Each structure stands twice: as structure tokens, then as C-alpha cells.
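Colleague: build me a structure from this.
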Amino acid sequence: MNVLLITEYFPSSSKGEITGGVEARCYYIAKELAKNHSVTIITSYKNSEKRKDSFDGIKILRVGMNHNYSHSGSFFSRLNFAYNAYKIGSKLKNIDLVDGYSFITYLPTYYIGKKLEISKIITYHETWLGEWIKNKGLVTGIFGGLWEWFSLKKDWTKIISVSEFTKKRLEKNGIEKENIIVIPNGVEVSKYQKIKIKKESLPTISCVNRLTPAKRTSDVIKAVAIVKKEVPNIQCKIVGQGEELANLKQLSSDLGLKDNVKFLGFVKKQEDVIKTVKSSHVYCNASVLEGFGITVVEAMACKTPYVISDIEPFKEVTQNGKGGFLFKQNNHEDLAKKILSLLKNKKEYENKIKEEKELVKNYDWKNISKQTIKEYNALLKI
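Modeller: Here you go, the predicted structure:
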């Protein structure tokens, strides 16, 4: 089987430099696929990277102008990537199937599949039809809404949804449920098990996400201020970058948390991110806008109990709070209360670790890759 996967971002090497859940999924599934099949990746180009590369048995083509990692704006370089992805992809030979892994790849994926007369699949993480302007503002919202509307109007061979939550939303937007397959995101469980690190000497919270308004990292910082009243030496390590960084640093300063909250920025090595979460005592995520919740699964693989917002995707991925606590979204006081509960109740804490150990087995990339390959084979009647 010769598979073409298209993703806006992809690691630069076999070290797996992951910037988000979409490229993590693409990388790990591509790596498993490449063990027995031919895999080509089309992704964006960043300065100093090779235009043509290969590692882990995967062939990588980086196309378009320089396109740095971003989840807002960058219209010109993003459209330039989409155009060049189609231009290069439509000229490839002997491709059996194409799968678009990220939002901007959907339309080029469709037209590549049409040009090559092969199966056309997209992997869907979340749908914002009718909500784009609210979530991303006027300019980005109009563009995003139109792009998604056109994408969902196409006659896809199949759509892979990462969650039942996203599947239901796709159905509401006119996609027939028989055309949607649910295969969740995951983690490389064995990799997490191999990384050995002790818990921090001081009680520590970790938070890993893009620093955008919808992720509500501000709620985590506000919760730390409350927790500090009972746990004066509480520490909070925030991994990520984004437009809210300056505001969050100011909030931290205003709340007198300069010695408690550390902003680590974008951490290049995934192993270092794992060490940060694994060495912490509690993982927090206050996001109100997710299609799945990969960082929660990563926290479970680290055996770090979590406190996360009670949005539907998080409830789905944790089976309603196994391995940690759900707090009332947008409510930093409830978040603080549940952080304190984990920090102060040793028996409860250990029970949550046991729950995580069992639940995370459902999200091992090996199993998820097998499901994906099985669906690819079924489409190709192999």
C-alpha cells in the first residue's frame, strides 16, 4: 500500500519534535505504517529544513514558502502551503490513498485524490462551523468558516473523527454517520514508561497547551493563587507559546506569583515535555475548546493525575474523570479546590494513578495505528 499523508506541520527528525496533537498523530501513524507500507508525507517548509528528507522509513516532502508554526493568521504562507501541497501531490505516482491530517490540508487533499483518482480521506479533530468568528475573530473566522464549509461539501471516501464528540458535530453539519469512522488520538506508551524521573521536591502543577484565549491558561494561574494560600510553596510550570503569553505573564505578576509560576515556552524535545509532566504532581488543562484532548492522555501516560475542565471531549477521553478530576469550566475556584484535593489526599491520589494506568491502554499508538491501517486496507479492499 502506497499512502500519502498531508499535514501542515511535521517533526524535523526522528527525535519527534512535536508542536501539537495533529502532527503527533500523523507522525506516529506514519511511523507504524512505514514498517510494512510506503509512506510519503507532504508538509510545510521551515528555514534550514531539507526540502526532501526521510527518517523512520518515511519519505518527507516540505513544500511552499517558509512557514513557521502558528495557529492564527499566517494567511499567505498557509495558503501558499496548501497550493504547493496540491501542486506537488497531484504529480506523485503510484499513490493508493491520500489522507489530510490538518484543517488547511483538506481541500488540497480532496483535489489531489480527485486528480490521481484514488481514495480521499480526511482526519477530523474538531469542527467549528457556525462558530468560527466567535472562536477566531472576524477575518480568520470568515476564511476558516468558508474553508470548512467547502471542505465538508466534498464527496470524501471516508472521514476519520478523533472522537465521538466530533463525529456528532459532523453529523449535525450534514455528514452521514456511515461515512465517519472514530479512531482516537494516542500516545507511545512504551516511550513514557522508559523515561525515568522523580517527582519534584516541591508540590508542582504542569500545564501544556497553546497559549490562546480558548485554552484559558489564565484560569490555571488564578487557581494557583488560591492554592498558594494553603500550599505556599506551590509551583506551576507552563509549557507552550502563543498570543496570550504577555497577558499571562502580567497576570502572574499581578497575583504575586513570580516565584510560583514558570513559563517554559516551546520545549523542542518531546522527552523534556514528558519529564516536565511526569515530575509534576498534578496536570491541569482549563481549555474550553478541544476536539479530543491529547495532552490529557499524555498526562495519564506519565501517571500524573489531572484536573481538567468538564468539556465533552475531556469527559469522553477520560470516561468521565477516571484518573483525575473534572472541574466546572471557566471556574478557577473549582479548579483550585480539586487541585488541593489531589495534593492533600494521598489515598485518593494513588487511586487516580491506578485508574490512569488502565485507561491509557486504550490510547496506545500501536493499537490506534492498527485500527487506522485496518480501515485503509478495507477502503482499498486489501
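
Colleague: ok, which stretches of the stretch 101-250 of the chain are helices?
Modeller: Along the stretch 101-250 of the chain, the segments classed as helices by DSSP state H, counting those that start in this stretch run 106-116, 132-136, 138-152, 164-172, 189-194, 217-228, 245-254.

Colleague: where in this structure is pLDDT low?
Modeller: 16, 18-19, 70-73, 382 (pLDDT under 70).

Colleague: nearest residue to the middle of it?
Modeller: The centroid of the chain falls nearest to Gly21 when counting by CA atoms, centre = their mean (2.0 Å).

Colleague: quick one: contacts for that residue?
Modeller: Shown in contact with Gly21 (CB atoms under 8 Å, 6 or more residues apart in numbering): 125, 185, 292, 294-295. Glycine gets a C-beta too; all of them are placed from N, C-alpha and C.

Colleague: and of these, the nearest to Ile88?
Modeller: His125 (23.6 Å; CB to CB).

Colleague: could you look up the SS state of the nearest residue to the closest one once chain neighbours are set aside?
Modeller: For His125, ignoring the flanking residues on the chain, the nearest one in space by CB to CB, 6 or more residues apart in numbering is Gly291 at 4.0 Å. Here Gly291 is recorded as coil under DSSP: H, G, I helix; E, B strand; the rest coil.

Colleague: count the residues that sit near Gly291.
Modeller: By the criterion of other CB atoms under 10 Å, Gly291 has 20 neighbours.

Colleague: for it, give me its contacts.
Modeller: Counting by CB under 8 Å, 6+ apart, Gly291 makes contact with 124-127, 162-163, 165-166, 313.

Colleague: show me these that map onto strands.
Modeller: If you go by DSSP state E, these have Tyr124 in strands.

Colleague: export the contacts of Gly291 to CSV and tack on neighbour count and distance to Glu271?
Modeller: Putting these into CSV (neighbours: other CB atoms under 10 Å; distance: CB to CB, whole Å) gives the following:
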residue, neighbour count, distance to Glu271
Tyr124, 27, 29
His125, 23, 24
Glu126, 19, 27
Thr127, 23, 33
Val162, 26, 24
Ser163, 23, 27
Phe165, 23, 30
Thr166, 24, 29
Pro313, 23, 26
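
Colleague: ok, so of the contacts of Gly291, who is nearest Ile205?
Modeller: Nearest to Ile205 out of these is Pro313 (CB to CB; 21.2 Å).

Colleague: mind checking how far the closest one is from Asp364?
Modeller: 19 Å (CB to CB, to the nearest Å).
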